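Participant: generate a structure from the sequence data that follows.
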Amino acid sequence: GEGLLESYHAERHAAARENIEVTAATMRFLVPRTVEERMHRRAVLEGGRVAEVDSGRFAEPFWYVDSPLTTPEPSRPFRGRPPKGASCEPAPGVILPDMALPGGRLRELCRDGFLVLLGDMCDSSLFMQVLGKVITAPLAVRGLAEIDGTGSLAERLGAGPDEAWLIRPDSHVAAILPHAGPESVAAAVSRALGGSPDT
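Facilitator: Numbering: from 1, shown residues only. Okay, here's the model as predicted:
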C-alpha cells in the first residue's frame, strides 16, 4: 500500500546517507585534501593500522533499526554497530545472522515471505491458525526447535522460549516479541507491510 511505498524512501534514504558517509571517509583517506588529512593518512599507513583504512561497511547490509516498518522492543535495543569482524547482537531492524542448519542455511528460510520463529513455549499451530485468518501476505510459522533441534539457533539469537521473531523476506528482523501471542505478531506483520503501528 501507500504506507509501504512511503517507507521505502525512509529506509533507502537512510541507507544512501550511510553509503555516502562511508564513501566520503574512504575518499578522504585515499585523496587527502588538507594537511591534517595527509598527516592522518601517513600515520595510519606508517603505523600499520589497516583497520582504520577498511571500515568494513561496504560489505555490510544497511540495518533498518529506525525504519517505520520495524517494531521496536525496549528489551532488545540496538546497541550500535560492533567492531569490524564481530557479529551484531540481534535486535529489531538488524539483519538475521546466517548459520548452517540441518535443512540448509537460516537466511534461505526467509526468501519466500515473512517468517515467524517461535520459542518452545509458543504453539506454532495456534499461531498459524490465527495468522492465516488475518494475514494475506506469504507467511511461514516455524518453531525454533523444529528448525534446529540442537538449540544452537535459539542460543545464537538469544531467543527466549516465549518469544516470537518476525523476519522480513530480506532477512532483517522486523520484530522480536516477548510473551508473544498471535495478535502481537499480526500487528507486527501489518506494520512491516506499511500499515499503522497501532493496527
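Participant: residue contacts, Pro92?
Facilitator: Contacts here follow C-beta atoms under 8 Å, 6 or more residues apart in numbering; on that basis Pro92 touches 65, 70-73, 76, 78, 173-176. Backbone N, C-alpha and C define where each C-beta goes, glycine included.
Participant: now with 6 Å?
Facilitator: By C-beta atoms under 6 Å, 6 or more residues apart in numbering, the contact set of Pro92 is 70-73, 173, 175-176.
Participant: tell me the two of those residues that are most distant?
Facilitator: Greatest spatial distance among the contacts of Pro92 (C-beta to C-beta): Pro72 and Val173, at 11.2 Å.
Participant: which one's more surrounded, the two?
Facilitator: Each of Pro72 and Val173 has its neighbours counted (other C-beta atoms under 10 Å); Val173 has more, 26 against 16.
Participant: let me know the secondary structure of the more buried one.
Facilitator: Secondary structure for Val173, judged by DSSP: H, G, I helix; E, B strand; the rest coil, is strand.
Participant: that one and Glu155, how far apart?
Facilitator: Separation of Val173 from Glu155 (C-beta to C-beta, to the nearest Å): 16 Å.
Participant: how about Pro102?
Facilitator: Applying C-beta to C-beta, the value for Pro102 to Glu155 is 15 Å.
Participant: hey, where'd the helices end up in this protein?
Facilitator: Remark: helices assigned in the chain by DSSP state H are 2-30, 35-47, 124-134, 144-147, 152-157, 182-192.
Participant: which of these has the lowest mean pLDDT?
Facilitator: Among the helices of the chain, helix 2-30 has the lowest mean pLDDT, at a mean of 61.
Participant: what's the nearest residue to Ser75 if we skip its chain neighbours?
Facilitator: Among residues not flanking Ser75 along the chain, Pro178 sits closest, at 6.1 Å (C-beta to C-beta, 6 or more residues apart in numbering).
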